[in-house]
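>>> got a structure for you, letters missing:
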């Protein structure tokens, strides 16, 4: 069972790291907030199953990770807890408050913390995301805004 958890953690770290690099925010306080949104069909089946995520062409997932330290490399940073809230608005004004769920894996040396929310999408739908992140023991809230269009095959 431990080997399975470790392999899932490795998949999560490799998978989300490569996608998350496209969207990141470096704060003045030494935090790096990685964020991305993707269709759930892009998740490996084992990862989706392990975390109760339904893989579907009509479902997308927002992923947020907060790390501290290490100027150059993801490996030089440490995962930190945060209060993460998010919402998305499509071009017709439909608002979705996203229910962010925390996922933790690993031990103190190789800890991974992800905040995810799964939501429905339609083909060519454009969403404007607003994410608020307050790292643990910080009084400052970082606001991230980005826009993404989703395609359903």
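Good, I have the coordinates. Predicted, not measured: the structure shown is a model, and the values here were computed from it. Numbering: from 1, shown residues only.
>>> what number of residues lie near the residue lying closest to residue 66 once chain neighbours are set aside?
Spatially, and ignoring its direct neighbours in sequence, residue 66 is nearest to residue 82 (4.4 Å; C-beta to C-beta, 6 or more residues apart in numbering). Using the backbone N, CA and C atoms, a C-beta is placed for each residue, glycine as well. For residue 82, the tally of surrounding residues (other C-beta atoms under 10 Å) stands at 24.
>>> do I have it right that residue 82 meets residue 137?
No: using C-beta atoms under 8 Å as the test, residue 82 is too far from residue 137 to be in contact (9.9 Å).
>>> which helix or strand contains the residue most central in space within the chain?
In the chain, the residue lying closest to the centroid (C-alpha atoms, centre = their mean) is residue 63, at 1.4 Å. Residue 63 is located in strand 59-68, with elements delineated by DSSP states H and E.
>>> so what does that strand touch, helix or strand wise?
helix 2-20, strand 31-39, strand 78-79, strand 82-90, strand 112-120, strand 125-135 (3 or more C-beta pairs under 8 Å, 6 or more residues apart in numbering; DSSP states H and E).
>>> where among these is the average confidence lowest?
Lowest mean pLDDT of the helices and strands packed on strand 59-68: helix 2-20, a mean of 46.
>>> tell me the helix or strand right after it.
strand 24-26.
>>> note down every partner strand of that next one and its orientation.
strand 31-39 (antiparallel) (DSSP bridges).
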